[in-house]
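> kindly generate the corresponding structure for this input.
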Amino acid sequence: MNTTPPIEYADATAEVREVFDDIMATRGIKDVNNIWKCLAHHPSVLKRTWEGVKEVMGPGVLDPVVKEMIYLGISVSNSCEYCIASHHAAAAKAGMSHEMFGEVLAIVGMANETNRLAKGYRVPVDEMFSKIKHPD
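Numbers count the residues shown, from 1 in each chain. Alright, predicted model coming up:
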């Protein structure tokens, strides 16, 4: 049940319209998704969240499909119906196949299981893992 009605562009403040305009221009769409319309009730949260998403999900060293599959996997883990639907669609559009989706779900399920086992058993971190250096 929706407790926060979406704010449509026509009803938005100038501050919100500015963010909506940026979302539409960046994504090449004619209307913003409901998440942004609901966040519009709090313009500072809307702007901050959009700026973060735009930066993190924008061009980088990871392929767009990988970024979307990571986001999708975390959304599944967090049981966010909205984000699962949104990022499943985005991942599919970026090239995720049914087989890739199946692997994402398998990884999420296994990671959740082993994370909980390690947490429950309070497994100490192996010394060799604490000395990992990133190749630069």
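> residues making contact with the helix or strand harbouring residue 93?
Using DSSP states H and E, the element containing residue 93 is helix 81-94. Outside of helix 81-94, the residues within contact range by CB atoms under 8 Å, 6 or more residues apart in numbering are 33-35, 63-65, 68-69, 71-72, 75-76, 100-101. To be clear about C-beta, it is placed using only N, CA and C from the backbone, and glycine gets the same treatment.
> among those residues, name the buried ones.
35, 64, 65, 68, 69, 71, 72, 75, 76, 100, 101 (16 or more other CB atoms under 10 Å).
> which pair in those residues has the greatest spatial separation?
Spanning the widest gap among those are 35 and 100, at 23.9 Å by CB to CB.
> stretch 101-113: how far from the chain's middle?
Relative to its parent chain, stretch 101-113 has a centroid offset of 16 Å by CA atoms, centre = their mean, to the nearest Å.
> excluding chain neighbours, what is closest to residue 62?
Excluding the flanking residues, the one nearest residue 62 by CB to CB, 6 or more residues apart in numbering is residue 70, at 7.9 Å.
> quick check, pLDDT for the one you found.
The model reports residue 70 with a pLDDT of 97.
> quick one on the thing from earlier: adding secondary structure and distance to residue 91, write the buried ones among the contacts of helix 81-94 out as JSON lines.
As requested, the buried ones among the contacts of helix 81-94 are exported to JSON lines (DSSP: H, G, I helix; E, B strand; the rest coil; distance: CB to CB, whole Å):
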{"residue": "35", "secondary structure": "helix", "distance to residue 91": "16"}
{"residue": "64", "secondary structure": "helix", "distance to residue 91": "9"}
{"residue": "65", "secondary structure": "helix", "distance to residue 91": "6"}
{"residue": "68", "secondary structure": "helix", "distance to residue 91": "4"}
{"residue": "69", "secondary structure": "helix", "distance to residue 91": "5"}
{"residue": "71", "secondary structure": "helix", "distance to residue 91": "8"}
{"residue": "72", "secondary structure": "helix", "distance to residue 91": "5"}
{"residue": "75", "secondary structure": "helix", "distance to residue 91": "10"}
{"residue": "76", "secondary structure": "helix", "distance to residue 91": "11"}
{"residue": "100", "secondary structure": "helix", "distance to residue 91": "8"}
{"residue": "101", "secondary structure": "helix", "distance to residue 91": "7"}
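> good, we can wrap up now.
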